[in-house]
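no sequence on this one, just coordinates:
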């Protein structure tokens, strides 16, 4: 007994006193890592305090990493950007041997974009779908097809996100193409041009989306799965739909900048973030799906993430987002800006 | 006179001018030259990418019809907003300067500059609340108008014009007011005693004498409206893509600062060209 007590206090000492670091996290605002109760519990358990800085686009995140070496210890990077960040020398390999939750991370994610030549450059954290959600007051039965966006019955009542990549991939799904290998871009452009008169406005943030829905401006709008769960949780009449044409899936990982001087604390924080206990609590407030199989398993059965994204039939229909090179990105941007300019 | 300053006066003038010019150098010239420098680069000069000089960013404007189309759309928006501001603001300034006296004028003047007291973003969001479907405006009209009222103003070009006119109206009122107030009342009285009607006085006397103020206000409105991005983005919905929003995208969304900078300088050049072409009219007005 005394021995255990001594050990615990020793542990607490080393954790709380000797190596209390302040780690700086770079993430989207309101995206899990900055939940007060979570960071407070982390500080209590390890002694490390957590400070946040936010970005509003992946490009901003990369620019911040490039221009402020040493300023960040943990950064959220979408899997489509991890390789680019690694190639630019912005992030370094993560030593996962000390992490107690890494073993249960789904094998399929460990074989994906985040592990390069056997080194882990991002710990798979969350994943989700970009599809659409409906205003349940406007539909008797939920539609099962993406073509509902082109339905004249909803003219002036639809919205998509003002983002070139998402718009083009949305058009690709609607025209039956592989989102990662769009062979006929002209068809996509024509399809999106037809969509334009249907659109009420574009949305750019979750907050926008919720406001438009709450004001009853929209019947149907593209959305992210985790955000839809959050909106429904807020009491909005919202239902997330994965149509028969499929949906785009994304994976977010937590990485450690190569320039970080507090790598040990950073890895401890990442371990905390993929912990099933944290995830179950987060999910109750509306979270994306966890990349940790043990965490996903721990969810209650009525949870959105278990019900919708845990459905194997749904998983069959999704296409994971591959990295997109700059030339393709610029091509999509030109297409999208051209479409908007003609309005 | 300026050429014949003696040494003491010259030093005093330099002392008085130095803070203003130093400030202008720091606040305008340096950031602007940094942007000009960026506009000739292949990539923003931070990060590990090698950077080279190029003219490609300027050529990009001509490669697609998109930028030209948007620039024309923005110029049209500028003309609309400036025209409406003059139509609404000039009569207002006329009444303020020539008809109303004393405390009433002060109170009315306060109302005119009230929009300046609130943050522009707050103003635009208030308009969003007023204009949107089932918003404040539609509900108010519903109360006084029989039947179902659906204006559908929100997310249209009209909403953008309304928001911008509200933001920029004080400029034309203030500048016209100053010019109108400088007109001696005796001149108007003299014209009237010589038999000139109200319209004649306005057309041949008041308008020419206050044209300098009116034009100054018009320029002050036109230039920022052509580059505006916040109002179109929030109020314009799918119609809200203008030249300014595309420049903003280059800076905040895709981080192509060189292209954004080049597009800004093209806008600057076009605006200067428009002002230069209209300078004969401007100069006539200022005489």
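On my side now, so go ahead. Here the structure is a predicted model, which means the values were calculated and not measured.

Can you name the helix or strand that the residue nearest to the spatial centre of chain B falls in?
Central residue of chain B (CA atoms, centre = their mean): residue B:221, 2.2 Å from the mean position. Element membership of residue B:221 [criterion: DSSP states H and E] is helix B:207-226.

Pull out the buried residues from that helix.
B:209-226 (16 or more other CB atoms under 10 Å in any protein chain shown). C-betas here are computed from N, CA, C, even on glycine.

hang on, residue B:108 in a helix?
Yes: counting by DSSP: H, G, I helix; E, B strand; the rest coil, residue B:108 is part of a helix.

per-residue pLDDT, the nearest residue to it once chain neighbours are set aside?
Leaving aside its sequence neighbours, residue B:108 sits nearest to residue B:96 (CB to CB, 6 or more residues apart in numbering or on different chains; 6.0 Å). Here the pLDDT value assigned to residue B:96 is 90.

hang on, residue B:96 in a strand?
No: Residue B:96: not assigned to a strand; according to three-state DSSP it is helix.

where exactly do the helices run in the stretch 151-287 of chain B?
Applying DSSP state H, counting those that start in this stretch to the stretch 151-287 of chain B gives helices spanning B:157-181, B:185-193, B:198-201, B:207-226, B:230-235, B:243-252, B:257-277, B:279-286.

thought residue A:109 was touching residue A:124?
Yes: counting by CB atoms under 8 Å, residue A:124 is a contact partner of residue A:109 at 3.7 Å.

For those two, indicate the residue with more neighbours.
residue A:124 (25 against 22; other CB atoms under 10 Å in any protein chain shown).

Which SSE is immediately downstream of the strand or helix carrying the more buried one?
Assigned by DSSP H and E, residue A:124 belongs to strand A:123-135. Past strand A:123-135, further along toward the C-terminus, the next helix or strand under DSSP H and E is strand A:158-159.

for that following strand, the distance to its chain's centre please.
Put simply, strand A:158-159 sits 21 Å off its chain's centre (CA atoms, centre = their mean, to the nearest Å).

Next, the angle from the helix or strand just after that strand to strand A:123-135.
Remark: after strand A:158-159, the chain's next helix or strand is helix A:164-174, criterion DSSP H and E. Per axes from the mean of the first three to the mean of the last three CA atoms, to 10 degrees, the angle that helix A:164-174 makes with strand A:123-135 is 70 degrees.

Show the pLDDT at residue B:260.
Per the predicted model, pLDDT is 93 at residue B:260.

err, residue A:15, not the other one
Value for residue A:15, per-residue pLDDT: 46.

Could you measure from the residue in the stretch 151-287 of chain B that chain A sits nearest to over to residue B:128?
In the stretch 151-287 of chain B, the residue that lies nearest chain A is residue B:237 (3.4 Å; CB to the nearest CB). Distance check for residue B:237 against residue B:128: by CB to CB, to the nearest Å, it reads 10 Å.

which residues do those two both contact?
Jointly contacting residue B:237 and residue B:128 under the rule CB atoms under 8 Å, 6 or more residues apart in numbering or on different chains are residue B:154.

Thought residue B:167 was touching the residue nearest to the centre of chain B, still the case?
No: using CB under 8 Å, residue B:221 is not in contact with residue B:167, being 9.2 Å away.

three-state assignment of the closest residue to residue A:233 other than its chain neighbours?
Residue nearest to residue A:233 in three dimensions, not counting chain neighbours: residue A:286, with 4.4 Å by CB to CB, 6+ apart. Following three-state DSSP, the label given to residue A:286 is coil.

What number of residues are in the vicinity of residue A:286?
17.

mean confidence score for stretch B:65-72?
93.

So, low pLDDT: which residues of chain A?
A:1-19 (pLDDT under 70).

Centroid-nearest residue for it?
Note: chain A centre (CA atoms, centre = their mean) maps to residue A:252, 5.1 Å.

Correct me if wrong, but it is in a strand.
Yes: counting by three-state DSSP, one finds residue A:252 located in a strand.

Does it touch residue A:287 like I think?
No: look at residue A:252 against residue A:287 with CB under 8 Å: they stay out of range, at 11.4 Å.

Find residues that contact each of the two.
residue A:126.

Smallest gap between the stretch 101-250 of chain A and chain B, at which residue?
Counting by CB to the nearest CB, the stretch 101-250 of chain A gets nearest chain B through residue A:201, at 3.4 Å.

and that residue, what is it in contact with?
Residue A:201 neighbours (CB under 8 Å, 6+ apart): A:159, A:212, A:217, B:155, B:237-238, B:240.

Look up how far residue B:76 lies from it.
Taken as CB to CB, the span from residue A:201 to residue B:76 is 21 Å.

now residue B:16
43 Å.

what does residue B:260 give?
Residue B:260 is 22 Å from residue B:76, by CB to CB.

try residue A:146
35 Å.

So for the two, which sits in the more crowded spot?
Neighbour totals were compared for residue A:146 and residue B:76, and residue A:146 leads with 24 against 13 (other CB under 10 Å).

Might one say that the more buried one is in contact with residue A:176?
No: between residue A:146 and residue A:176 there is no contact under CB under 8 Å: 10.0 Å.

which residues are in contact with both of these two?
residue A:245.

re the thing from before, for the residue of the stretch 151-287 of chain B closest to chain A, which residues are in contact?
So residue B:237 contacts A:199-202, B:154-156, B:159 (CB under 8 Å, 6+ apart).

Just put the residues you listed in JSON lines and tack on distance to residue A:88.
JSON lines is the format used below for the contacts of residue B:237 (distance: CB to CB, whole Å):
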{"residue": "A:199", "distance to residue A:88": "36"}
{"residue": "A:200", "distance to residue A:88": "39"}
{"residue": "A:201", "distance to residue A:88": "35"}
{"residue": "A:202", "distance to residue A:88": "30"}
{"residue": "B:154", "distance to residue A:88": "42"}
{"residue": "B:155", "distance to residue A:88": "39"}
{"residue": "B:156", "distance to residue A:88": "43"}
{"residue": "B:159", "distance to residue A:88": "42"}
